[in-house]
Every structure is written in structure tokens, then in C-alpha cells.
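> A structural model of the following input is requested.
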Amino acid sequence: MKRIAMSACAICAGFLFWVFALNDDPSRLNPISIEAGTLSSDVLPIEQAITLGQVKGEDGRAVPLLITGLSETTVTAVDLTGHGASADLDLFKILEEVPEAELVALYSKAVGEAGRTVTQDYPLSQFLPAAGKGQRHIGSGTNFPEHAEETTSSSVFSFPKFGVATPPVTSVAYDQEVLLDYEVEICARFDRDIASLADFEAARKGFFLCGDFTDRSTLLKMIDTDNFDSGSGFSDAKSGPGYLPSGPFLVIPVDWRSFVEQERIETRLDGALRQDARGGQMILDFGQLVEKVLDDSVSTRFLYQGDRYQLIEDAVISTGQVLMSGTPEGVIFMPPSLRHMARGVIRHVVTGAFVGQASGYDSVIASFIQDEFAAKRFLQPGQVVTYASASMGTISITVRR
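Sure, this is the predicted structure:
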């Protein structure tokens with residue numbers, strides 16, 4: 001009996017050592033698939049897409065540009081105010097003021113021998129967000145299969161995301177109560193209100209690079225793990241200030257399906273590759289996402305800051321609203337491990353939390369969040385997140401204290 005008791009004590013001691021004494025590995029990462037070859041960013045030829053952007057002029061107004069070239073430090077473009085376009089317009093409105101044939105002619109001249117007679121160079125830091133000025137958008141969850149697997153989600157879902165987009169060179173605030181995570185995405189917006197699939201098919205479609213920062217702490221506390229589509233958690237976790245950084249270019253392709261399928265996007269954290277995918281890996285394409293959103297326009301299940309919302313207002317994806325693709329694999333978040341769960345259960349019992357209102361699940365989540373803060377795996381002050389794409393430009397975000 002004494003040997004059995006000693007063995008049991010040794011097993012218990014070893015278990016407690018494994019649960020509490022060993023530190024979590026701060027370098028643990030979700031695995032990612034990396035495409036062969038380094039991502040190279042460029043501007044698509046005018047035969048494939050019109051690429052537009054805006055910079056802030058000396059008078060504070062938005063100057064419309066036709067993008068014709070790109071380097072690591074500068075963007076080459078034609079100032080369209082000298083060709084009939086007004087300042088401070090939505091980018092789609094440029095196409096109403098400058099005939100497409102003239103844009104084609106300007107591009108051809110800009111990339112030819114006389115290019116410097118019509119173009120100027122602009123720093124990326126001068127660009128305004130291609131997302132526009134909308135304040136209410138449509139997020140897509142787990143729309144890439146590997147990301148669905150790493151987050152244990154079984155289906156694609158949608159949610160409202162609130163906030164104004166920030167420019168391609170920007171910052172996001174560090175908060176000691178936030179587990180801040182990155183997500184790179186392809187975003188779309190349209191030149192008209194979308195109330196039907198016929199509207200979608202008829203619309204001009206513009207695509208741009210975007211980010212979807214997430215407070216995993218808030219999401220873990222609010223999410224319904226049995227139903228990600230419950231409407232709880234995602235809007236609150238993804239609608240913080242600066243949580244929608246936008247790329248500099250609105251790309252309006254001739255063939256939107258081919259463009260999205262081929263477009264490559266990536267995330268780098270302090271230069272290290274963390275996400276790498278193409279739009280063709282999406283489970284639902286943008287047409288299918290639009291159909292899903294329109295079919296879910298009545299429910300008021302979406303919770304944000306204590307109030308209930310519909311996914312879209314008046315059953316319409318309005319002009320200026322952004323529709324997001326969802327993100328590929330490689331985010332920082334990893335679900336609680338068996339060790340995290342064991343630690344949470346023991347804390348639940350030892351602290352007496354089981355006597356009060358807290359459930360065992362609540363204690364496991366609270367313990368997991370505590371451990372993740374201690375491990376400092378999530379974004380920290382001074383780190384730089386870089387989102388890049390093949391033809392939609394780049395975004396650089398510094399995490400500021």
C-alpha cells in the first residue's frame with residue numbers, strides 16, 4: 001500500500017509539474033503552407049485591370065491617381081485632376097469623370113518612353129485607404145479551409161465589423177488587456193448598392209488589400225464555441241480603433257474571378273513570414289459570399305457593444321461597405337491545449353470558483369487567457385506587421401504602446 005501511495009503521489013506531483021511548472025513555449029506557431037518563390041508586388045497591366053488610388057494633397061483634399069508603377073519605396077502614378085477627375089471623390093466616381101479609353105491611353109503613355117512627362121512618384125505613406133470612408137462592413141469567418149481547421153470551425157460565417165479604415169502606413173494601439181492578433185485578407189467593394197445577385201453581377205467590383213485585427217481575449221470570452229454563427233463575440237473583438245487597415249490601391253479587374261483566384265497575399269511579422277495564400281483557396285468566392293449575406297439580412301442576432309444589429313441594413317450591401325474574404329491559416333491564436341484545460345480545471349477547483357457563478361468552461365478560458373498574456377505570444381509594442389499582395393500594394397502597421 002505504501003508503494004502504491006508513493007507511486008500515486010509521484011504521478012500527481014509529475015502531473016502538477018507538467019501542468020504548472022513548465023512554461024508555455026512563446027514561440028509556438030500554427031503551421032502554414034508556403035508557396036515556392038518570393039511574393040513580388042507589381043501593378044497589373046491596364047488590359048487586365050484599372051488600378052486607382054488617392055493621396056492627401058497639400059490642401060488636404062484627396063487627389064485621384066491612376067497607378068502605373070511600383071517600387072519598394074514609391075508609387076508611380078498619373079494625377080487625374082489634370083484629366084477631368086475631381087478631388088475628394090470616391091474612387092469609383094473617377095470612372096464616371098474620366099473615360100476608360102483615356103485611362104488606357106494615359107497608362108500606355110506612362111509606361112512608355114514619355115512616361116515621366118505624365119507621372120509623378122509618391123511615397124506609400126501619403127496614400128489614403130482604398131477602403132473609402134464607410135463605417136460598417138461585412139466580415140467573413142473561416143473562409144479558408146486551413147484557417148477553419150486551426151480554429152476548429154466547421155463552416156463559413158459572416159458578421160458586421162464596425163469602424164473606419166486606416167491608411168496603408170499606420171499603427172495600432174497595444175493594450176495590456178488585449179490579445180491582439182493579425183489577419184490578412186482580400187477586401188471588395190462595389191460601385192452601387194447590392195440588393196440582389198443581379199446587382200452584384202452588374203456592378204463594377206474593386207478589390208484591395210486589407211487587415212482584420214482581432215482581440216482574441218474578447219472573442220474567447222464572448223464566443224459561442226458550439227455556433228460561431230451565433231452573432232456573439234466577433235463584432236466586439238474585431239471592431240477596435242485601427243482594426244481595419246486598408247491597402248493603397250483599388251484594383252478593378254476585367255475578370256474579377258480570375259483576379260481573385262490568382263491574387264497572392266501574405267503577412268510578415270518583423271519580417272518573418274506568417275501567412276501565405278491565394279484567393280483561389282477561399283471556400284466561398286465573393287459572389288457566394290454576397291449571396292450568403294443577402295440571405296442573412298433579417299436576423300438581429302449580431303451583438304455589438306450590448307446592442308443587436310442586422311448583418312446589413314435594409315437588406316442591401318451599400319456602396320462604401322467593405323466585404324471581406326476571410327483570412328488564411330497562420331494566425332497567432334491556437335486553441336487551448338490539453339495542458340491549458342487541465343490547468344484551468346485545477347484553478348477552478350483550488351480557487352473555489354466552482355462555488356460561485358463561474359462555470360468550468362469560464363475558468364478554463366480565463367486561465368488560458370492569463371497564460372497567453374504571460375507567454376507574450378500575441379502582438380507586442382514595437383512589432384511591425386506587414387501585409388503584402390501581388391497587385392494590391394502593401395500595408396505596414398506598427399504596434400504602438
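> distance of T76 relative to R301?
Taken as C-beta to C-beta, to the nearest Å, the spacing of T76 relative to R301 amounts to 47 Å. No exception for glycine: its C-beta is placed from N, CA and C like everyone else's.
> so how many other residues sit close to G382?
The burial count assigned to G382 is 11, neighbours taken as other C-beta atoms under 10 Å.
> pLDDT wise, what is it at?
G382 carries a pLDDT score of 98 in this model.
> could you do V19 as well?
The pLDDT attached to V19 in the predicted structure is 49.
> ok so, going back, between T76 and R301, which is the more surrounded one?
When T76 and R301 are compared on other C-beta under 10 Å, the one with more neighbours turns out to be T76, at 19 against 16.
> pLDDT below threshold where in the stretch 1-150 of the chain?
Regions of the stretch 1-150 of the chain meeting the criterion pLDDT under 70 cover residues 1-26.
> show the contacting residues for the residue lying closest to E201 once chain neighbours are set aside.
Setting aside the residues directly before and after it, E201 is nearest to G287 in space (C-beta to C-beta, 6 or more residues apart in numbering), at 7.8 Å. Taking C-beta atoms under 8 Å, 6 or more residues apart in numbering, we find G287 in contact with L197, F200, E201, R257.
> whichever of these end up buried, select them in PyMOL.
Of those, the buried ones can be selected in PyMOL as follows, counting by 16 or more other C-beta atoms under 10 Å:
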select buried, resi 200
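> helix, strand, or coil at the residue nearest to E201?
Classification of G287 by DSSP: H, G, I helix; E, B strand; the rest coil places it in helix.
> and the gap between it and S367?
Counting by C-beta to C-beta, the gap between G287 and S367 amounts to 43 Å.
> quickly find the element holding I67.
Element membership of I67, judged by DSSP states H and E, is strand 62-70.
> P145 contacts I283, correct?
Yes: counting by C-beta atoms under 8 Å, P145 sits close enough to I283 to count as a contact (6.2 Å).
> coming back round to it: what is the strand holding I67 packed up against?
When contacts are defined as 3 or more C-beta pairs under 8 Å, 6 or more residues apart in numbering; DSSP states H and E, strand 62-70 sits against strand 49-56, strand 74-79, helix 100-110.
> what pairs with that strand, parallel or antiparallel?
Applying DSSP bridges to the sheet, strand 62-70 is found paired with strand 49-56 (antiparallel), strand 74-79 (antiparallel).
> output it as PDB, restricted to C-alpha atoms.
What follows is strand 62-70 as a C-alpha-only set of coordinates in PDB (Å, rounded to 0.1, in the frame of the first residue of the first chain):
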ATOM      1  CA  ALA A  62      -7.900  63.600 -51.800                       C
ATOM      2  CA  VAL A  63      -6.000  63.600 -55.200                       C
ATOM      3  CA  PRO A  64      -7.200  60.800 -57.500                       C
ATOM      4  CA  LEU A  65      -4.400  58.800 -59.200                       C
ATOM      5  CA  LEU A  66      -4.000  56.200 -61.900                       C
ATOM      6  CA  ILE A  67      -1.400  53.800 -60.600                       C
ATOM      7  CA  THR A  68       1.200  52.800 -63.200                       C
ATOM      8  CA  GLY A  69       4.300  51.600 -61.300                       C
ATOM      9  CA  LEU A  70       5.500  50.400 -58.000                       C
END
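> got the buried residues for that strand?
By neighbour count on 16+ other C-beta under 10 Å, the buried set for strand 62-70 is A62, V63, P64, L65, L66, I67, T68, L70.
> leaving out the residues flanking it, which one is nearest to the last one?
If you skip the residues right next to it in sequence, L70 has V43 as its closest partner in space, 5.3 Å away by C-beta to C-beta, 6+ apart.
> in contact with the residue lying closest to R204 once chain neighbours are set aside, which residues are there?
Residue nearest to R204 in three dimensions, not counting chain neighbours: D191, with 4.1 Å by C-beta to C-beta, 6+ apart. The neighbours of D191, taking C-beta under 8 Å, 6+ apart as the test, are F92, L95, A203, R204, G206, T319.
> host element of the last one?
I take that to be T319. Once you assign secondary structure using DSSP H and E, T319 falls outside every helix and strand.
> so it touches R192, yeah?
Yes: at 5.9 Å, T319 and R192 qualify as touching, with contact defined as C-beta under 8 Å.
> doesn't E96 belong to a helix?
Yes: secondary structure of E96, determined by three-state DSSP: located in a helix.
> could you count how many residues lie near it?
12.
> report how many residues lie close to the nearest residue to M282 once chain neighbours are set aside.
Once flanking residues are discounted, M282 sits nearest to N143: 5.4 Å by C-beta to C-beta, 6+ apart. The criterion is other C-beta under 10 Å. On that basis, N143 has 27 neighbouring residues.
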